[in-house]
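[1] predicted model follows, preceded by the sequence.
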Amino acid sequence: MRVLIACEFSGVVRDAFVAKGHDAWSCDILPGEGVNSHRHYQQDIFEVIGRDWDLMIAHPPCTRLANSGVRWLNERNLWGDLEEAILFFNKLKLANIGKIAVENPIPHKYAVNGIGKYDQIIQPWQFGHGETKATCLWLKNLPKLQATNIVEGREQRIWSLPPSSDRAKLRSMTYIGIAKAMAEQWG
């Protein structure tokens, strides 16, 4: 299966699909990382999306869409940024690919008005990680992800990361257990 992981620099999801024998590639404006970093397009996702893909898993930027950042819309007058984020999200969600999953944190009400309601919420603790980080999935022709390893512990590690130059990158990375579940269940 040809799999495109959109807006992923870390290679976590891409590498999970490659490990299952799929022709998986990531694409981001940042350089690729991970075991198969040579399977990465460092360019605009919409230059790659038109190729022949069977499945796309997209991780669009959540800064303006996530409930956690809604307070900044008025305070910093970021409504134009929100509109751009909604357009980008919807271009991914509506791409001409047979199977699509778009993931993002819980969106605020203004984002939901533009991108629609999600199909599922998953947590890392359902996939072998003792942490919380609610992740929403918008699904096209894919089943909901089933939990693979429910564990104890509900630490909010990602939310409580201290300020640093790589904080945004660390917060955006997909948990390995979730990536493996995607590869096993959607591959």
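    Looks like it arrived, so ask away.

[2] and the closest residue to residue 79 other than its chain neighbours, how far is that from residue 66?
    With Cβ to Cβ, 6 or more residues apart in numbering as the measure, residue 73 is the residue that lies nearest to residue 79, at 5.9 Å, once sequence neighbours are left out. The way it works is simple: take the backbone N, C-alpha and C, and place the C-beta from them, glycine included. With distances taken as Cβ to Cβ, to the nearest Å, residue 73 is found 11 Å from residue 66.

[3] one more: residue 108?
    For residue 108, the distance to residue 66 equals 7 Å [Cβ to Cβ].

[4] can you check residue 176 too?
    Going from residue 176 to residue 66 by Cβ to Cβ gives 22 Å.

[5] enumerate every residue touching the residue nearest the centre of the chain.
    Residue closest to the average C-alpha location in the chain (Cα atoms, centre = their mean): residue 59, at 2.8 Å. Applying Cβ atoms under 8 Å, 6 or more residues apart in numbering, one finds that residue 59 lies in contact with 5-8, 13, 102-104, 172, 174.

[6] quick one: buried ones out of those residues?
    Buried residues within those, defined by neighbour count using 16 or more other Cβ atoms under 10 Å: 5-8, 13, 102-104, 172, 174.

[7] show residues contacting the helix or strand residue 14 falls within.
    Per DSSP states H and E, residue 14 falls inside helix 12-19. Judged by Cβ under 8 Å, 6+ apart, the contacts made with helix 12-19 from elsewhere in the structure are 1, 3, 5, 8, 24-26, 34-36, 39-40, 57, 59, 173-176, 179-180, 182-183, 187.

[8] one more pass at 6 Å, please.
    3, 5, 24, 26, 34-36, 57, 174, 179-180, 183, 187 (Cβ atoms under 6 Å, 6 or more residues apart in numbering).

[9] how near is residue 101 to residue 44?
    For residue 101, the distance to residue 44 (Cβ to Cβ) stands at 20 Å.

[10] out of those two, which sits in the more crowded spot?
    Neighbour totals were compared for residue 101 and residue 44, and residue 101 leads with 23 against 11 (other Cβ atoms under 10 Å).

[11] my read is that the more buried one contacts residue 58, right?
    No. With contact defined as Cβ atoms under 6 Å, residue 101 does not count as touching residue 58 (7.2 Å).

[12] in the longest helix seen in the chain, what counts as buried?
    In the chain, with assignment by DSSP state H, the single longest helix is helix 79-93. Within helix 79-93, the residues that qualify as buried are 81-82, 85-86, 88-90, 92-93, counting by 16+ other Cβ under 10 Å.

[13] now, which of the residues you listed sits nearest residue 119?
    Ranked by distance to residue 119 (Cβ to Cβ), these are led by residue 93 at 11.0 Å.
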